Each structure stands twice: as C-alpha cells, then as structure tokens.
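[1] turn this into a structure:
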Amino acid sequence: MNSATTTTNNAIPTRKMQIGRLIGPLLAVGVYFLMPATVPEVARRTAAAGTLMAISWITEAIPLSVTSLIPLVIFPLLGVIDIEQAAAPFAKPVIFLFLGGFMLAMAVERCGLHRRAALSILQTVGGTPGRLLAGCMAATAFLSMWISNTATVVMMIPIASSLIELLPTNHSDSEASDGPRRLELCLLLGVAYSASIGGFGTLVGTPPNALLVGSLEAIGESISFGRWMMFAIPLVVIYLALIWGLLYWFALPKKSLSTSIDRSIIDQQLQKLGPMSRAEWTVLSVFLATATLWIIREPLQDWGWLVEAFPTVARIEDASISIAAAVALFLLPINREGERALDWQTANRLPWGVLILIGGGMSLAAAMNASGLNSLMADNLLMLQNLPPVLLIAAVVAITIFLTEITSNTATIAALLPVLLGLGVLLNCGPVPLMIPATLAASCAFMLPVATAPNAVVYDTGRVPMHAMIRYGLWLNLVGIALIPLFMFFFGCSILDCPLSGN
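    Prediction:
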C-alpha cells in the first residue's frame, strides 16, 4: 500500500518550498489574466485556483494535505461551487474504503503478521541468489498491496540485509568476492521497486488508485475491488518478472549466481516468532474474510437468483466491507484480559493526511468539471486524438512517469486526472483508457530517491549508489512506458470493458 510522499518535518522551509510559495500565487494570477477573453469567468477562476494548488502540490510549498483543504475555502469564495459541493468529495465512499483498509493494515502490523508472512515466503523460495531475490520481491509486493509501502520496505530491509551475512565468499576471486555487495544492492533495489509495483495491485494499495475511483464515480463509472485485481495482478506479476530479470542478469556477478545461501537465519527468525498467537489468527481471519468479500462481491451481485433471494447482497459495497472489517477489529478480543485486535490509540496514528489529500484532489476535479474548465483544457489537447490509441496512452504514461520522478505520485495524479477526464470525454474511447494507465504510471518512478518513499528509504541505507538507482530505474521507466500501454490495449480494456476501438 503506497502512501503519499510527505513533506519534510523541518520547520525551516526548503528552497523548493520557498520557490513554490512565491511563484504559486504569481502563476495563478498570470493564468487568470492570460487566458483568452472567450473563456467564461468561472472557468478562469477555477484555472487560477487549480494552478495555485498544482504548484503547491509539486513544490510542497505547504504540506500536501493542507493544499488539499484549499478547495473548501477558495471555490465557494470564487463562486465556482458552493461549500456543500466542495466538501462532498471528502466523504466519498472511496475515502472510507481507504480508511478501513488503513485500519486493517495497522492491525496486521500491530500483531506482527506481516513479518511472519514475509519470512514464510522467503523460507519457501530457496537459498540461491535468484530465488532469494524473487522471494524478497514477492513478499514486498504482496505486503504492499495491503499495508503502507514505507512500512513494508522498512521491515524488509533488515531481513534482506541479514541474509547477505550467510552468503559464502571466495576471496581468491574478485568477482565472486564482490557477490555479497552486489546481491545486497539487488535485494534493496528489488524491495524498493516491488513495493511501488505491488501498490497498484489492489484499490487500497496506493492513494492514486483512490483518486482514480473517485474521479470515475464523478462520471458514473465504477470499478469493483475484484475486477481491479483481475486487471492489475497480472500486470504486477509481469512487471515484477521484468524487474527480477533486469536485476538478476545485469546486476549480479555471474560467478555468484550458483551460490547457495544458508536459510537457517530465516528458520531462526521464524522460530523466534513462535507459533501464531491468538492476535495473529484473529487479524488473519478478518483480513482473509475482507479480501474474499472484496473479490467476490461483484460476481455474487451478478447472480440474479441470489440477489432476488437475499436483496441485501445487492447493497453491499467495497467501502462497507472495509469499514465492517475495521469495526470487527475493535470488537474481537485477542486475550483473556479483553484486549482487542485494534484499539483507538493505534488507529489514531492513521495517515489522515492521505485521506484529506484524496478528498482535495476529487474536490478540485469536481470544480473543474462544474466550471467547464475540463472541456476547455481538453479542446487544447485534441491534437493528440489523431495518434493511434497505444501511442496516445504511451504519451500519457511517459508524461506521468517522468513527472512523478520529481513530485509526489498522489499530487501528480490529482493534477492529471481532471485533465485526462476532459480529454477522454471528447475522444471516442472515453476517459477510462487514459486515466487508468496514468494512475498505474504514477507508481512507476524508479530513478531518483525523491520519486517514492521506498526509493528514499533504501537510498538512506547508504548501500545503494545514486548511479545504480538511476541506471536500473531508467530502464524500468522505459519498460513501463512500453508495458502499460500494451497491457491496457491487449488485456486491460477487455477486463475493464473500456474498448479503444473507434478512436
């Protein structure tokens, strides 16, 4: 589960923040006065406010979540939409889908279930470098689908690094003796990249997914949890396989590939955990029940006889399942003293800022749609309509990936989705085939430490050189620019029922 990039905790503003505070208002005023006179007044005001928010998001002039509160003030004052319309997106079902998902993830972390899952996967895969890399990546990706990518990476780094100590070395061979360092580099990069990729495997895996769902709801479209997984999981597997291949064949010294690593440390760590506790069994039961309901909800609702016999089935929503799971965690005891699987002291550490950021992005989209700004912006992008569908998607993906290298993925997609929504409405294919690839691409920035929290965490270890991250990350960015459009064209459109024909 990816979390939005957060602003530094330092009270002293950085140069980027100072620049943003200066140029944000200037650009907003400039946009207002430089727009053609034919543009309606309400659209001009919305464009100015949107520019101010976009610059603030990109430069982090103020915290991202604080920027996301601006719509509640500025749009009613400017007469774009009233306060009820501006505030409504903050209570969209997708907000509560994420709220419950966060609580479930915190319960998993609180009882230590995520660590047991990671060690169990590593114990299963085997001890050769290739299998160890695959195991670390698989464990990281799976956990990142459900819990914070930052928490996943922080947990996986010591596990991955401790395994290096058991790698046999041959000091008479310079290439082989370099194996532990190179393998550690591969494991750390693999963990960082897998956390980002795993995040888009589920709707609760990353905030951009939530923004996508909210934007689609605004135009009457919806994607269920199960259908999204049917679409996204194959892409996650393919992307992980390509990352593994790149790191395995090009980053590891060839003479170390056949070396077998003693897995006793994994067995020892699992033994230290002991048998599964009642808390772990309780949280695991709630987790499995929740994930199962998310996956089967839509198929069950397609069974007419079942809905007719039990009308309540038709009224179940993914957000309701998520909140029901959270409530269950507060009710279920985990010991004789009556302690519950989740308490408010733990839950109060929720990333509330992410929820506010999601709501602010959807509020901006609502204002752009209500003012007609979306349509005006899309008119200026109609030059792209003559591109073949795959190339059009590739252009959108490329822009998103490289923009996300220097900005928060959530902020990037919050600014892009309203524009893509307006463009897609004017195209025969509709907005969905453009918005989904852009959302996926927002999680595919691999080159720089500032691009994602996982990149920053592994870089901060001091064991991942900048040139290595840029080298392999650039290749993976290019892979994403090719893979995501092709995957969407040949597989995704049929699963999500959004054909590209006619464009």
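
[2] how much space between residue 298 and residue 313?
    For residue 298, the distance to residue 313 (CB to CB, to the nearest Å) stands at 11 Å. Every residue, glycine included, has its C-beta placed from N, CA and C.

[3] more neighbours, those two?
    residue 298 (18 against 14; other CB atoms under 10 Å).

[4] pLDDT score for the residue lying closest to residue 138 once chain neighbours are set aside?
    Leaving aside its chain neighbours, residue 138 sits nearest to residue 121 (5.7 Å; criterion: CB to CB, 6 or more residues apart in numbering). pLDDT recorded at residue 121 is 79.

[5] distance of residue 121 from residue 193?
    For residue 121, the distance to residue 193 - CB to CB - is 17 Å.

[6] immediately after the helix or strand of the chain with the lowest mean pLDDT, which helix or strand?
    Lowest by mean pLDDT, DSSP states H and E among the helices and strands of the chain is helix 174-177, with a mean of 48. Downstream of helix 174-177, the first helix or strand assigned by DSSP states H and E is helix 179-199.

[7] dump the C-alpha coordinates for that next one into PDB.
    Provided in PDB are the C-alpha atoms of helix 179-199 (Å, rounded to 0.1, in the frame of the first residue of the first chain):
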ATOM      1  CA  GLY A 179      28.900 -11.000  -4.700                       C
ATOM      2  CA  PRO A 180      27.500 -10.100  -1.300                       C
ATOM      3  CA  ARG A 181      27.700  -6.400  -2.000                       C
ATOM      4  CA  ARG A 182      26.100  -6.800  -5.400                       C
ATOM      5  CA  LEU A 183      23.400  -9.100  -4.100                       C
ATOM      6  CA  GLU A 184      22.600  -6.700  -1.300                       C
ATOM      7  CA  LEU A 185      22.200  -3.900  -3.900                       C
ATOM      8  CA  CYS A 186      19.900  -6.100  -6.000                       C
ATOM      9  CA  LEU A 187      17.800  -7.000  -2.900                       C
ATOM     10  CA  LEU A 188      17.500  -3.400  -1.800                       C
ATOM     11  CA  LEU A 189      16.500  -2.200  -5.200                       C
ATOM     12  CA  GLY A 190      14.200  -5.200  -5.700                       C
ATOM     13  CA  VAL A 191      12.500  -4.400  -2.400                       C
ATOM     14  CA  ALA A 192      12.000  -0.700  -3.200                       C
ATOM     15  CA  TYR A 193      10.700  -1.300  -6.700                       C
ATOM     16  CA  SER A 194       8.400  -4.200  -5.700                       C
ATOM     17  CA  ALA A 195       6.800  -2.000  -3.000                       C
ATOM     18  CA  SER A 196       5.900   0.500  -5.700                       C
ATOM     19  CA  ILE A 197       4.600  -2.100  -8.100                       C
ATOM     20  CA  GLY A 198       2.700  -4.100  -5.500                       C
ATOM     21  CA  GLY A 199       0.800  -1.000  -4.500                       C
END
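
[8] who does it touch, helix- and strand-wise?
    helix 129-144, helix 149-164, helix 225-250, helix 453-459, helix 466-487 (3 or more CB pairs under 8 Å, 6 or more residues apart in numbering; DSSP states H and E).

[9] quick one: list the elements packing against the third one.
    Using 3+ CB pairs under 8 Å, 6+ apart as the contact test, the elements touching helix 225-250 are helix 129-144, helix 179-199, helix 278-301, helix 466-487, helix 493-496.

[10] mind listing what's buried in that helix?
    225-233, 235-236, 239-240, 242-244, 246-248 (16 or more other CB atoms under 10 Å).

[11] now that helix: average pLDDT?
    Helix 225-250 comes out at a mean pLDDT of 93.

[12] centre of the chain to it, how far?
    Using CA atoms, centre = their mean, to the nearest Å, the distance from the centre of helix 225-250 to the centre of the chain it belongs to is 14 Å.

[13] and the next helix or strand past that helix?
    Criterion used, DSSP H and E; the element after helix 225-250 is helix 264-273.

[14] related to what we said a few turns ago, and residue 97, which of the helices and strands packed on helix 179-199 is closest to it?
    helix 225-250 (8.1 Å; CB to CB).

[15] next, the angle from that closest one to helix 129-144.
    150 degrees (axes from the mean of the first three to the mean of the last three CA atoms, to 10 degrees).

[16] distance check, the closest residue in space to residue 446 that isn't next to it in sequence against residue 480.
    The shortest distance from residue 446 to any non-neighbouring residue, by CB to CB, 6+ apart, is to residue 473 (3.4 Å). Counting by CB to CB, the gap from residue 473 to residue 480 is 10 Å.

[17] by contact count, what packs against the helix or strand hosting residue 362?
    Here residue 362, judged by DSSP H and E, is contained in helix 352-371. Contacts defined by 3+ CB pairs under 8 Å, 6+ apart place helix 352-371 against helix 41-59, helix 64-67, helix 70-78, helix 83-87, helix 93-111, helix 207-217, helix 373-380, helix 409-425.

[18] the first one relative to helix 409-425, how many degrees between them?
    Read it as helix 41-59. 150 degrees.

[19] tell me the angle of helix 41-59 relative to helix 70-78?
    Using the same axes, to 10 degrees: helix 41-59 against helix 70-78 is 160 degrees.

[20] pLDDT on helix 41-59, on average?
    87.

[21] what about the most centrally placed residue in the chain, distance to residue 85?
    Nearest to the centroid of the C-alpha atoms of the chain, with distances taken as CA atoms, centre = their mean, sits residue 206, at 2.7 Å. Per CB to CB, residue 206 is found 27 Å from residue 85.

[22] cool, and residue 434?
    With CB to CB as the criterion, residue 434 and residue 85 are 25 Å apart.

[23] ok, back up a step: quick one: contacts of the helix or strand that the residue nearest to residue 138 is a member of?
    Using DSSP H and E, residue 121 sits within helix 113-125. For helix 113-125, the external contacting residues (CB atoms under 8 Å, 6 or more residues apart in numbering) are 108, 131-132, 134-136, 138-140, 142-143, 147, 151-152, 155-156, 159, 163, 263, 266-267, 269-270, 273, 276, 280, 283-284, 287.

[24] for stretch 283-297, same thing?
    Residues contacting stretch 283-297 (CB under 8 Å, 6+ apart): 104, 107-108, 110-111, 113, 146, 202, 224-226, 229, 276, 316-318, 321-322, 324-325, 328-329, 332, 341.

[25] one more: stretch 23-37?
    With CB under 8 Å, 6+ apart, stretch 23-37 has contacts from 43, 44, 45, 47, 48, 49, 51, 52, 55, 56, 59, 61.
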